[in-house]
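Asker: generate coordinates for the sequence data below:
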Amino acid sequence: MYILNNKDIGTQTIKGTTYVFVDKPYWNKQKKQTRHKREYIGKLGSAGEFIPNKNYLAQRNTEGTETEIAATRRYFGATHLLDTIGKKTGVENDLKASFGDDYKKILSLAYFLVLEGESSMYRFPKFALTHEHPYSEVISSQRISDIFAGITENPKVEFFKRRAKQCLENEYLAYDTTSISSYSELMGQVKYGHNRDLENLPQINLAIVFGEESMLPVYYRKLTGNIADVSTVKKLLLDMNFLGLEKVSLVLDRGFYSQDNINALYRNKNKFIVSARNNIKLIKESIEASRATIKDFVNFCPELDVYSVSKAAKWEYRYKDRKGVDALNHKQLYIHTYYNGIRAEKEIAAFSKKLKLAEAAFLNGTCNESQKMLCEKYFNITEGKGKISIEYNQAAINEHVRNYGYFVLLSNHIKDSRSALSIYRNKDLVEKTFFNIKNRLDMNRTKVSSHEALEGKLFVQFVALIYIAYIHQIMLKSGLYKNYSIQSLLDEFDIVEVFKYIGKKPHFSETTKKQRELFACFGIDFTNHSN
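Answerer: Have a look, this model is predicted:
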């Protein structure tokens with residue numbers, strides 16, 4: 001009904017029922033300020049329809065008018081931006097082809113997460129009343145839960161396959177995981193694990209694959225909360241083949257390094273760039289071999305602010321032959337070693353501070369287990385006659401910080417250390433995007449109690465993530481981060497309104513030169529929309 005499209009209409013959910021009210025501003029003479037009064041006119045039904053109450057019907061009958069009004073005013077600018085992004089990236093068509101008539105509902109919920117990401121989903125009805133959006137109608141809280149539960153595996157896989165076709169075969173894919181805390185004990189994949197936010201809650205892990213050139217998410221997968229990153233790569237490779245992404249190029253963080261994973265990448269004929277921890281034998285040997293010459297001037301790369309050297313090596317590729325017998329072969333490997341003096345000093349300072357805190361905790365009796373281990377390894381402690389004497393084991397400390405500032409990348413096809421590091425640093429997009437997931441997409445907590453609802457909500461959040469990643473990409477290229485955050489930019493767009501009257505062409509509120517310039521950054525010509 002048109003009444004729900006009026007900007008002065010609001011909703012409030014009380015004990016599971018969503019009530020509709022009219023916001024009536026008035027001037028308070030005593031306080032000398034505008035105040036607001038709510039007049040409740042009905043509620044929303046299970047399908048999101050407006051059910052007027054007796055007082056509202058009586059008032060409308062007395063006035064001799066119909067319950068529907070012919071004019072509407074709704075926010076338009078930000079959702080118009082998302083409409084354009086959906087068409088440019090193909091997301092809208094891919095959703096329509098995968099989910100049929102339900103695609104508009106999924107898009108509207110994704111729009112809400114992009115524009116109102118820190119708000120809970122139960123506030124969607126208010127958003128739907130005041131904004132243009134693909135589905136156009138209000139969706140009640142119960143119907144949102146039904147939509148989540150109705151997002152099944154087959155259409156999701158179809159959507160991922162279609163998105164995969166957008167990814168060029170020569171594009172690197174960045175892969176990483178993050179933890180999502182949950183209060184639910186009903187879902188089998190919610191387990192206690194290593195939570196990256198250091199929260200003592202059961203969790204699930206979410207893995208996402210990004211294209212480094214397109215800077216857009218390609219695929220995601222939900223993992224059990226207690227599964228380590230290193231054990232996920234083989235399953236990722238199977239998923240990539242299933243989605244038609246054979247022989248893709250991967251860039252992986254050091255948490256995914258293992259001999260088995262490197263062997264799997266060779267076996268699957270994937271190109272890769274992988275970081276590895278400095279305590280691994282191969283990496284320690286590479287650092288030691290480079291130590292004498294890496295700081296020579298010829299090895300300095302000013303655009304990356306590092307010294308670097310590279311060498312060709314052979315990887316001992318272990319596999320099963322056709323008879324199932326263990327076999328050994330050698331594959332080409334390039335080892336790129338880097339040194340950054342500023343990074344070294346920061347790491348040494350951080351470690352020194354940690355040691356000082358451990359020493360103070362030991363002396364006042366508040367040592368935790370990790371601090372006790374530090375004290376035992378790096379201090380010589382003597383206790384006697386009520387006194388404690390601490391001497392620093394400087395040799396052990398020097399040995400520990402010896403490799404600070406060094407890091408190593410492994411690749412099976414990139415010969416040049418500068419190219420390898422440039423590609424690897426693009427992986428930072430993944431980490432920044434995970435921050436966006438948790439803080440913009442209502443994803444710090446799963447906030448659902450069933451497996452089906454969780455799966456559906458994660459998918460809608462993934463769709464919203466594609467839009468945010470695209471916005472992030474344009475903001476980087478256009479230098480918009482100098483003056484805007486993602487939220488403040490969306491707020492700038494959001495204030496543009498559309499006015500609709502039955503039987504007349506819609507028209508739009510005035511736009512400023514600054515707003516039109518911002519629209520132009522996204523390839524949108526808004527001059528024809530202006531009055």
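Asker: can you list the weak-confidence ranges in the stretch 351-500 of the chain?
Answerer: 428-451 (pLDDT under 70).
Asker: switch the cut-off to 80
Answerer: 383-386, 426-453, 500 (pLDDT under 80).
Asker: got the domain ranges for the protein?
Answerer: Under the assignment automatic domain parsing, the domains of the chain span 2-69, 343-401.
Asker: next helix or strand past the strand or helix carrying residue 399?
Answerer: Per DSSP states H and E, residue 399 falls inside helix 394-401. Using DSSP H and E, the helix or strand that follows helix 394-401 towards the C-terminus is strand 406-411.
Asker: can you list the buried residues in the next helix or strand along the chain from that next one?
Answerer: Sequence-wise, the next helix or strand downstream of strand 406-411 (DSSP H and E) is helix 417-425. By 16 or more other CB atoms under 10 Å, the buried positions in helix 417-425 come out as 417, 418, 420, 421, 423, 424. Every C-beta, even on glycine, is put in place using the N, C-alpha and C of the backbone.
Asker: and helix 417-425, what does it pack against?
Answerer: Contact partners of helix 417-425 among helices and strands, from 3 or more CB pairs under 8 Å, 6 or more residues apart in numbering; DSSP states H and E: strand 271-276, strand 300-301, strand 306-320, strand 326-339, strand 406-411.
Asker: highest mean neighbour count out of those?
Answerer: strand 406-411 (a mean of 24; mean count of other CB atoms under 10 Å).
Asker: and the contacts of it?
Answerer: 257, 262, 271-276, 278, 283, 286-287, 333-340, 344, 417, 420-421, 424 (CB atoms under 8 Å, 6 or more residues apart in numbering).
Asker: what about residue 282, neighbour count?
Answerer: As a burial measure, residue 282 scores 18 neighbours (other CB atoms under 10 Å).
Asker: now do the contacts for it.
Answerer: By CB under 8 Å, 6+ apart, the contact list for residue 282 reads 276, 335.
Asker: next one, pLDDT for it please.
Answerer: On pLDDT, residue 282 comes in at 91.
Asker: do you know how far it is from residue 456?
Answerer: 44 Å (CB to CB, to the nearest Å).
Asker: which residues of the stretch 51-200 of the chain score low on pLDDT?
Answerer: For the stretch 51-200 of the chain, applying pLDDT under 80 flags the ranges 51-52, 54-72, 117-120, 122, 166-171, 176-200.
Asker: could you pull out the strands for it?
Answerer: 71-75, 172-181 (DSSP state E, counting those that start in this stretch).
Asker: who are the packing partners of the longest one?
Answerer: Counting by 3+ CB pairs under 8 Å, 6+ apart, the packing neighbours recorded for strand 172-181 are strand 203-211, helix 233-242, strand 249-252, helix 428-440.
Asker: just to revisit the earlier point, buried deepest among the strands of the stretch 51-200 of the chain, which one?
Answerer: strand 172-181 (a mean of 22).
Asker: for residue 329, see how far away residue 383 is.
Answerer: Taking CB to CB, one finds residue 383 at 56 Å from residue 329.
Asker: one more: residue 270?
Answerer: 16 Å.
Asker: one more: residue 292?
Answerer: 32 Å.
Asker: name the surrounding residues that touch the helix holding residue 399.
Answerer: With CB under 8 Å, 6+ apart, helix 394-401 has contacts from 347, 348, 351, 355, 377, 378.
Asker: which of those residues are buried?
Answerer: Neighbour counting over the contacts of helix 394-401 (16+ other CB under 10 Å) leaves 347, 351, 355, 378 as the buried ones.
Asker: can you tell me which of those residues are in helices?
Answerer: 347, 351, 355, 378 (DSSP state H).
Asker: which one is residue 250 nearest to, not counting chain neighbours?
Answerer: With sequence-adjacent residues excluded and distances taken as CB to CB, 6 or more residues apart in numbering, residue 250 is closest to residue 272, at 4.9 Å.
Asker: ok, now how distant is the one you found from residue 231?
Answerer: Taken as CB to CB, the span from residue 272 to residue 231 is 17 Å.
Asker: next one: residue 222
Answerer: 15 Å.
Asker: pick out whichever of the two has more residues nearby.
Answerer: residue 222 (17 against 13).
Asker: angles on the backbone of that one, please.
Answerer: phi -90, psi 130 (degrees, to the nearest 10).
Asker: write down the beta-bridge partners of it, one by one.
Answerer: In this entry, residue 222 is beta-bridged to residue 206, by DSSP bridges.
Asker: so for it, what's the pLDDT?
Answerer: So residue 222 comes in at 79 (pLDDT).
Asker: CSV please, covering the helices and strands packed on helix 417-425 and showing distance to residue 524.
Answerer: What follows is the helices and strands packed on helix 417-425, written out as CSV (distance: least, CB to CB, whole Å):
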stretch, distance to residue 524
strand 271-276, 36
strand 300-301, 39
strand 306-320, 40
strand 326-339, 42
strand 406-411, 40
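Asker: so which of those is nearest residue 153?
Answerer: Taking CB to CB, strand 271-276 is the member of these nearest to residue 153, at 28.6 Å.
Asker: give the other helices and strands that the closest one contacts.
Answerer: Counting contacts by 3+ CB pairs under 8 Å, 6+ apart, strand 271-276 packs against strand 249-252, helix 259-267, strand 406-411, helix 417-425.
Asker: between the top helix by length along the chain and strand 172-181, how many degrees?
Answerer: Looking across the chain with DSSP H, the single longest helix is helix 451-478. Relative orientation of helix 451-478 versus strand 172-181 (axes from the mean of the first three to the mean of the last three CA atoms, to 10 degrees): 130 degrees.
Asker: that older thread, between the buried ones among the contacts of helix 394-401, which is nearest residue 499?
Answerer: residue 347 (58.7 Å).
Asker: quick one, what contacts the closest one?
Answerer: 401, 404, 405.
Asker: distance of it from residue 37?
Answerer: From residue 347 to residue 37 the distance is 60 Å (CB to CB).
Asker: and the helices in the stretch 1-150 of the chain, which stretches?
Answerer: Applying DSSP state H, counting those that start in this stretch to the stretch 1-150 of the chain gives helices spanning 54-63, 77-89, 91-99, 103-115, 124-130, 141-149.
Asker: just put the ones you listed in JSON lines and tack on mean neighbour count and distance to residue 310.
Answerer: JSON lines is the format used below for the helices of the stretch 1-150 of the chain (neighbours: other CB atoms under 10 Å; distance: least, CB to CB, whole Å):
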{"stretch": "helix 54-63", "mean neighbour count": "12", "distance to residue 310": "75"}
{"stretch": "helix 77-89", "mean neighbour count": "20", "distance to residue 310": "37"}
{"stretch": "helix 91-99", "mean neighbour count": "19", "distance to residue 310": "39"}
{"stretch": "helix 103-115", "mean neighbour count": "24", "distance to residue 310": "42"}
{"stretch": "helix 124-130", "mean neighbour count": "23", "distance to residue 310": "53"}
{"stretch": "helix 141-149", "mean neighbour count": "19", "distance to residue 310": "49"}
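Asker: would a markdown table of these with distance to residue 514 be doable?
Answerer: Converted to a markdown table, the helices of the stretch 1-150 of the chain look like this (distance: least, CB to CB, whole Å):
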| stretch | distance to residue 514 |
| --- | --- |
| helix 54-63 | 41 |
| helix 77-89 | 12 |
| helix 91-99 | 27 |
| helix 103-115 | 19 |
| helix 124-130 | 23 |
| helix 141-149 | 35 |
